[in-house]
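Participant: For reference, the sequence and a predicted model appear below.
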Amino acid sequence: MAVREYNPAEIEKKWQDIWEKEGVFRASSEDKTKPKYYALIEFPYPSGEGLHVGHPRSYTALDIIARKRRMEGYNVLYPIGYDAFGLPTENYAIKHKIHPKIVTEKNIARFRQQLKSLGFSFDWSREVNTSDPSYYKWTQWIFLKLFEKGLAYKAEIPINWCTSCKIGLANEEVVGGVCERCGGEVVRKVKSQWMLRITAYAQRLIDDLDLVDYMEKIKIQQRNWIGRSEGAEVLFSITGTDKKLSVFTTRPDTLFGATYMVLSPEHPLLDEEKDRIENWDEVQRYRELAAKKSEFERTEIAKEKTGVPLQGLTAINPATGKEIPIWISDYVLMSYGTGAIMAVPGHDTRDWEFAKKFGLPIVEVVAGGDVTKEAFVDTETGTMVNSGFLNGLQVLEAIEKMIAWLEEKGLGKAKVNYKLRDWVFSRQHYWGEPIPLVYCEKCGWVPVPEDQLPVTLPDVENYVPNEEGESPLANLSEWVNTTCPACGGPAKRETDTMPNWAGSSWYFLRYCDPHNDNEFANLEELNYWTPVDWYNGGMEHTTLHLLYSRFWHKFLYDLGCVPTPEPYMKRTSHGMILGENHEKMSKSRGNVINPDDIINEVGADAFRVYEMFIGAFDQAIPWSQQGLKGCRRFLDRVWRLQDIVVDGDGYSPKFETAMHRTIKKVSEDYERMKFNTAVAAMMTLTNDIHNAGSITRGEMRTLLMLLNPVAPHITEEMWQNLGFPGTIYRQKWPTWDEAKTVEDMVEVAVQVNGKLRGVVNVARGASQEEAKAVVMEHEAVQRALLGKNVVKEIYITDRIYSIVVK
RNA sequence: GCCGGGGUGUUGGAAUAGGUAGACAAUGGGGACUUAAAAUCCCUUGGGUCGUGAGGCCCGUGCGGGUUCGAGUCCCGCCCCCGGCACCA
C-alpha cells in the first residue's frame, strides 16, 4: 500500500491541536500516586528577535526526557514561562515610546506561538511571566523575608557603573572590564545600593554541591567563583599608636619574611591617621588616580606595579619585632580580605615585583629557590629558614605551628576567606520588580506590609534613567511620596528595582503551584514536585544564575518554605549553536538562522532531529543547512517504511538482535544526552530495514516509540495510519532483552605481530581451540605465518586473536 | 599564571575496563530513472602504492618518546585550540 507523501506542515498542526485540546501533557496535581519527574529548562527572555535556534536545542533534549519519562510511568512536570523583565525590552520601549508591558506581551505571544509550533510537551497551563504582578508579588515577598532576616542591606560602596546602561552592575556582570550586556565602559562609582548577603551562605553553597549531580565542570565553576581559601588573620601594631592593622594571609608560615605592608588606597586607616602621614598630598593624589581607574584598568592592565609609601607611619612585624614600612598600592583590593596585606616578597610573586621596583628588602624564609631571581612560591618542597621557631619545618607544618603561635599570643587566628562578594541587588531602571520598601525619616527603611503586595510598577511617561543614575520612578513624586507603614508619617518609596536575576531565582518553585494567590507555592505541592530532577540550560548561566537561585533556595529552606536544601538534583549544560561560518550567531554577523524558516522548509520534526543529531550535546556546533536536509531525508525514509510493512507482531529473526540492540542503545543514549548517536542508531536500523525490503508491524511499533520523543508528530501520524491502538504518548517505553542484544556468531579480528591480518567468524563464546581452528584456515593469516615461529598467542573471547611470531 | 575540556577524513562527528579507527550524516565523484530537471535509488569518497583483475602492501587519530602481543584510548615531555578564574594576598 503506497501512502501519501510525508507532509509535515499538515500533520504537525494536526497533532499539536490534539495535544492542546486533550491537555495530554499537563502535570497532574491530583494524581500524586505516581512517581513524579520534574524536567526543567531555562525559561527564555522574550526578546523582540523571537526564538533563536539555540533555544530548541535545550528544549528538545529535555522534551525527549520528559516524553520518555511519561512512557515510563511518571507524572511529569515539564513547564515553560518567560523571564520577562529586562533591559532590551526597556530600551526598545524608550526608542519606540511603547510601554514595556505591551512590548513584552507581544514578544511573549510570538515566543509562545513559535514554541508551540515545535511541538514541545510543555504543560502550558502553568506558564509563568516574571513581569506579571501576580508573579512578582512573590519575588517581592521573598525579598522582604531576606530583609527581615538581615540578609538585605543598603551599602554605600563603590560599584561598577556602566556608563552606557547607566546602571550599577554586580562584579559578575562585568566581563573583561566592560558591561556584560551592552559592552559599554565600566567605571567605579560610589552609590547607595541594596545588597544581598550571599556571602553568609558561601560555605553551604560549596558543601552542598556534594548533594547534587551536576556536570563536574559546573561544580568546579561554582567552587571557583566562591573561591574559598584558608589562612590566618594577623594583627600588626602600628608604631606610635595603639592601633592594630589586620591582614589576611594564606601563608602565615612566611611571617618572618614580611618586610613591608601594603594597604588598598581605599583603606580607612588612611583617613584615620591622616595627621601622621607626612606625604599626605602625594598619598591623596595616588588615591584619586586609583579611584578614577575602572576595575578593568586596576586589575587587568596593571602589569607595572605602582604605589606610594606612607611617610611617618610604620608597622611592627610581630614575628621579628622589626619596624617595617607601610605602602599603599592599587594591587591590594579593599573588597577582599581586610584590604591590607603583609608583603612577603621572597615568596609571593606580586610582592616580589613590587619590592624589586621600589627597592624593598627581600628575605628568604623558605629555602628551595633563589629569591634574588624570583619569588619562591612552592609549598611542597620548601624548608623554613630565617624563621626562628619555624626553622627546619616544612611549609605545611610551619603554617600550623605559626597559627598556633599567633593564637597563643593573641596576635591572630586561623581564618577562611571567600572571593564571593555580596550581591548588588539594585538597578536604577524601570522595567524590573520595585523593591518593596519605604524610607521614613523616623523609622528608617520599613517594609511594605505583606497585604499591600505587590508594589506595582506605576505608568511613567519616560523610561530613561536621569543623569544621577536614578530610576525613572524617582521622577514620580506621587508614587514616591507615601506614608510610613510603621508610624504613618511621610515616607518615600525606594525607586530602585530588582535585577534580572531576581525573578529567575525561584521560578521553578512557582511552576509547582502557579496560580496560588495566598503563597508563592503551597508546601504540599512543593513536597511532591521538588526538587527539580533534571535542569538543563546554557553554559553561560552555570555560575551566576545557578549560584543565586541556590542561595535563594537555601534561604527559603531555612524558613521552612521549601522541603530540600538544594533546588536542582541534576544540572547539565548544552553547547551553543554557531552560524554556518563557525561564528557566534548574531544579526551583525548576518548568520542568524530563523526557526520559523526551518519549520517551513523541513518541518518541526526534522528540525528537532537535526538539533539532536548535529553533534555532541555539550559542545558548540556550527549550523549546517545540508545536515538539516539529511535529517529530513531520514524522516522521509522512515515515512516510506509504511510501504513495506508486513504482518507480524514480533520481530523477524533477521532483525531480532538489531531491534534489541537499538532499543538498548537509544534508551541509554537518551539518558546520557548522547542524542546524536541515538539518532544515528535509528538511522542505521531504518537503512538496514529498507535494504531488507520489509518491516514487521512489531518492529515498526518499536521504532516509532523510540523515535517519538525526538520526532513526535510524524511518529504519532504513522502510528495512527498503521492502525496501532491509542497514541504513542500513552504507550509503555519499549524494553530490551540483554541476552538478545548479541549475535550468535561474532567476528574476531586476527592480528599477527600487532597487525590486522584478517577477520574470522566464530560462535559467540568460542574456546581458544575452536577459534584457533578457524583462524589457522584463514588464507591471509597463513601467509603471514609462513616460515615463522609462533612465540605467543593471545585470545580475547569474541574480540581478538593475536599471534606473535619470530 | 591557575583550573577544566579538547586536537580523529574535505566537513559535523563515532569509537575510551587498551582489542577490526573513521559508525551515522554532510560534501565530492560515478551511475540508474527522466525529454529534462527536481526528488528518489545504487556504487564510491583518509593518504600513498603494487596489480589487467580479484586483491595485496605501507602510512595514518596535534608533535616527540615510552609501556604492551596490541595504543585514538595508558605513562612521560612538548605544541596548539576552547571555556572558566585571575594583582583574591
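Facilitator: All right, it came through fine.
Participant: and stretch A:485-503, how far from the chain's centre?
Facilitator: Once both centres are worked out by Cα atoms, centre = their mean, to the nearest Å, stretch A:485-503 turns out to sit 30 Å from its chain's centre.
Participant: That stretch: which residues count as buried?
Facilitator: A:485, A:491-503 (16 or more other Cβ atoms under 10 Å). For glycine as for every other residue, the C-beta is placed from the backbone atoms N, C-alpha and C.
Participant: ok, and does it reach over to RNA strand B?
Facilitator: No - Stretch A:485-503 stays out of contact with RNA strand B when judged by Cβ under 7 Å from any atom of the strand, the minimum separation being 14.5 Å.
Participant: for the stretch 101-250 of chain A, which spans come out with low pLDDT?
Facilitator: A:168-178, A:180-182 (pLDDT under 70).
Participant: In it, mark out all the strands, start to finish.
Facilitator: A:128-129, A:152-162, A:167-169, A:174-175, A:178-179, A:186-196, A:213-214, A:228-238, A:244-249 (DSSP state E, counting those that start in this stretch).
Participant: any idea which of those strands is most buried?
Facilitator: Neighbour counts averaged per stretch over the strands of the stretch 101-250 of chain A are highest for strand A:167-169, at a mean of 25; criterion: mean count of other Cβ atoms under 10 Å.
Participant: Which secondary structure element of chain A has the lowest mean pLDDT?
Facilitator: Averaged element by element with mean pLDDT, DSSP states H and E, chain A has its least confident helix or strand at helix A:295-296 (a mean of 56).
Participant: which bits of the stretch 101-250 of chain A sit near RNA strand B?
Facilitator: Near RNA strand B, when you scan the stretch 101-250 of chain A using Cβ under 7 Å from any atom of the strand, you find A:171-172, A:175, A:216-217, A:220-221, A:224-225, A:227, A:229, A:231, A:248-250.
Participant: again, 6 Å this time
Facilitator: A:217, A:220, A:221, A:224, A:225, A:227, A:229, A:231, A:248, A:249, A:250 (Cβ under 6 Å from any atom of the strand).
Participant: And these, which two are furthest apart?
Facilitator: Across those, the two members that end up farthest from each other (Cβ to Cβ) are A:217 and A:249, 30.0 Å apart.
Participant: buried set for stretch A:444-460?
Facilitator: The neighbour-count criterion (16+ other Cβ under 10 Å) identifies A:445, A:446, A:447, A:448, A:453, A:454, A:455, A:457 as the buried residues of stretch A:444-460.
Participant: just stretch A:759-779 next, same as before
Facilitator: So stretch A:759-779, judged by 16+ other Cβ under 10 Å, has buried residues A:760, A:762, A:766, A:771, A:772, A:774, A:775, A:778.
Participant: Including distance to residue A:402, could the residues you listed go into a markdown table?
Facilitator: Rendered in a markdown table, the data for the buried residues of stretch A:759-779 read as follows (distance: Cβ to Cβ, whole Å):
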| residue | distance to residue A:402 |
| --- | --- |
| A:760 | 70 |
| A:762 | 69 |
| A:766 | 68 |
| A:771 | 67 |
| A:772 | 69 |
| A:774 | 72 |
| A:775 | 69 |
| A:778 | 72 |
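Participant: What is the most widely separated pair among these?
Facilitator: Of all pairs in the buried residues of stretch A:759-779, the most separated under Cβ to Cβ is A:766 and A:778 at 14.5 Å.
Participant: quick one: the spatially closest residue to residue A:339 that is not a sequence neighbour from residue A:193, how far?
Facilitator: The shortest distance from residue A:339 to any non-neighbouring residue, by Cβ to Cβ, 6 or more residues apart in numbering, is to residue A:264 (4.3 Å). Residue A:264 sits at a distance of 20 Å from residue A:193 (criterion: Cβ to Cβ, to the nearest Å).
Participant: Next, work out how far apart residue A:259 and RNA strand B are.
Facilitator: Residue A:259 sits 13 Å away from RNA strand B when distances are taken as Cβ to the nearest atom of the strand, to the nearest Å.
Participant: Test my guess that that residue contacts residue A:344.
Facilitator: Yes - shown here, residue A:259 and residue A:344 form a contact pair, counting by Cβ atoms under 8 Å, at 7.4 Å.
Participant: quick one: pLDDT of the residue most central in space within chain A?
Facilitator: When chain A is reduced to its mean C-alpha position, the nearest residue by Cα atoms, centre = their mean turns out to be residue A:542, at 1.1 Å. If you check residue A:542, the pLDDT there is 87.
Participant: In contact with it: list those residues for me.
Facilitator: For residue A:542, the contact set (Cβ atoms under 8 Å, 6 or more residues apart in numbering) comprises A:218, A:221, A:222, A:571, A:573.
Participant: before we move on, back to that, which one's more surrounded, residue A:259 and residue A:344?
Facilitator: Neighbours were counted for residue A:259 and for residue A:344 using other Cβ atoms under 10 Å; residue A:344 has more, 26 against 21.
Participant: Surely that one touches residue A:351?
Facilitator: Yes - Residue A:344 is in contact with residue A:351 according to Cβ under 8 Å; the separation is 5.7 Å.
Participant: which element is residue A:355 on?
Facilitator: Taking DSSP states H and E as the definition, residue A:355 sits inside helix A:349-358.
Participant: I meant to write residue A:669 there.
Facilitator: helix A:656-671.
Participant: Contact residues of the stretch 501-650 of chain A facing RNA strand B?
Facilitator: Within reach of RNA strand B by Cβ under 6 Å from any atom of the strand, the stretch 501-650 of chain A has these residues: A:539, A:543, A:614-616, A:619, A:621, A:624, A:626-627, A:630, A:633, A:636-637.
Participant: oh, I was asking about the stretch 351-500 of chain A
Facilitator: Within reach of RNA strand B by Cβ under 6 Å from any atom of the strand, the stretch 351-500 of chain A has these residues: A:417, A:419.
Participant: now the helices for the stretch 351-500 of chain A?
Facilitator: Chain-ordered helices for the stretch 351-500 of chain A, with DSSP state H, counting those that start in this stretch as the definition, fall at A:395-409, A:477-480.
Participant: Filter the buried residues of stretch A:759-779 down to just the ones in strands.
Facilitator: Taking DSSP state E, the ones among those that sit in strands are A:760, A:762.
Participant: So which residues of the stretch 451-600 of chain A form strands?
Facilitator: According to DSSP E, counting those that start in this stretch, the strands that the stretch 451-600 of chain A contains are A:481-483, A:490-493, A:534-538, A:570-574, A:577-578.
Participant: residue of the stretch 351-500 of chain A with the smallest distance to RNA strand B?
Facilitator: In the stretch 351-500 of chain A, no residue comes nearer to RNA strand B than residue A:419, which is 3.5 Å away by Cβ to the nearest atom of the strand.
Participant: Confirm for me that that residue is in contact with residue A:223.
Facilitator: No - taking Cβ under 8 Å as the definition, residue A:419 is not a contact partner of residue A:223, at 10.5 Å.
Participant: Look at the two and report which has more neighbours.
Facilitator: Summary of the neighbour comparison: residue A:419 and residue A:223, criterion other Cβ under 10 Å, with residue A:419 having more neighbours (16 against 13).
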